[in-house]
Structures are given as structure tokens and as C-alpha cells.
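Quick one: sequence plus predicted model below, questions after.
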Amino acid sequence: MEQSTIFQMADRLRELQEQKKEREAQVKALTTEIERLDLQLSDAMAEAELAKFTRNGSTYYLKSRLFASPVAGRKDDLMVILKAHGYGSLVTETVNANTLAAFIKEQREATGEDVPAWLDGTVNTFEKVSIGIRKSQ
């Protein structure tokens with residue numbers, strides 16, 4: 001492949017990544033505006049004691065969603081308490097994918113094995129090759 005073709009592909013890749021960054025910033029700004037307006041509208045509807053209304057073919061309604069998380073530093077306590085009260089089925093053990101990948105990489109460097117023998121058959125690995133871009137100095 002000619003070097004000019006490689007340079008054209010590199011330029012296009014950089015251009016697309018820059019467009020993606022710009023659009024992600026736009027999405028972030030839109031999300032912030034949506035959240036602000038959603039809060040204002042829900043407050044106004046609650047104040048007007050209006051559970052729902054229809055406008056321009058769309059129905060708007062108040063909905064409630066509960067979010068719950070362990071108190072900071074109490075995750076292990078929560079797991080023990082749930083299990084003690086018969087709700088152990090809610091508790092799951094997980095390994096973060098990035099943490100596992102870093103561990104496997106360390107093991108490769110230390111042992112020279114693709115995956116340590118004691119993990120053989122329990123871990124899938126694959127490597128993805130991609131292009132990194134940074135601004136030249």
C-alpha cells in the first residue's frame with residue numbers, strides 16, 4: 001500500500017475522532033440541559049398537581065424511580081446483612097474486566113504464559129490492535 005494512502009487513512013481517522021469528541025461534548029451539554037428542564041417540568045407539574053398531560057401528540061407524565069447503593073465503605077457489611085436475612089441471592093461476586101485484563105498482562109510478563117496454567121479454561125483473552133493518536137510537539 002502506498003504511503004499516501006496510509007496518510008489519507010490517518011488523516012480521516014484523526015478527523016473522525018475529532019468529530020466524535022465534538023459530538024460527545026454536544027451530547028454532554030444536551031444531557032445537562034435535559035436534566036435541568038426535566039427537573040423544572042416535574043417540579044412545575046407536581047406544584048400544579050398535574051400527574052399527566054398531552055401536548056402535540058405526546059403524553060407527559062410524572063414517574064418515580066428509586067436508586068439505592070451501599071453507604072460509602074459499607075459494601076461488605078451490606079453483603080453480610082443481606083445474606084444473614086435470607087437475601088443472599090441479591091449478592092453476586094464479580095471481577096472487573098479491566099482489572100482482570102491487567103492481571104493477565106502482569107502474569108504474562110512474569111511467567112511468559114499466555115494465561116497461567118491454573119487459569120486455563122476459565123479465562124478468554126483476545127488482543128485488539130488499533131491506532132493511537134496524539135498531538136505532535
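Great, that's in hand.

how deep is residue 134 tucked in, by neighbour count?
5 (other Cβ atoms under 10 Å). Bear in mind the C-beta positions are built from the backbone N, C-alpha and C, glycine included.

Would you check how far apart it and residue 17 are?
Between residue 134 and residue 17 the computed distance is 11 Å (Cβ to Cβ, to the nearest Å).

and what of residue 121?
Distance, residue 121 to residue 17, by Cβ to Cβ: 38 Å.

Could you check which of those two has the larger neighbour count?
Each of residue 121 and residue 17 has its neighbours counted (other Cβ under 10 Å); residue 17 has more, 12 against 7.

Got the confidence number for the more buried one?
For residue 17, the model assigns a pLDDT of 96.

number of nearby residues for residue 80?
13.

which residues touch the strand or helix carrying it?
If you go by DSSP states H and E, residue 80 is part of helix 75-84. Helix 75-84 is contacted by residues 70, 71, 88, 90, 91 when judged by Cβ atoms under 8 Å, 6 or more residues apart in numbering.

rerun at 7 Å
For helix 75-84, contacts defined as Cβ atoms under 7 Å, 6 or more residues apart in numbering pick out 70, 88, 90, 91.

Now do it, average pLDDT.
The pLDDT scores in helix 75-84 average 94.

Quick check: what element follows that helix along the chain?
Following helix 75-84 in sequence order, the next helix or strand is helix 97-111 (DSSP H and E).

And that following helix, what does it pack against?
Of the remaining helices and strands, none touches helix 97-111 by 3 or more Cβ pairs under 7 Å, 6 or more residues apart in numbering; DSSP states H and E.

quick revisit: could the contacts of helix 75-84 go into TSV alongside pLDDT?
Supplementary listing: the contacts of helix 75-84 in TSV, determined by pLDDT from 0 to 100:
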residue	pLDDT
70	92
88	93
90	94
91	94
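
What is the nearest of those to residue 23?
For those, the minimum distance to residue 23 (Cβ to Cβ) is 34.7 Å, reached by residue 70.
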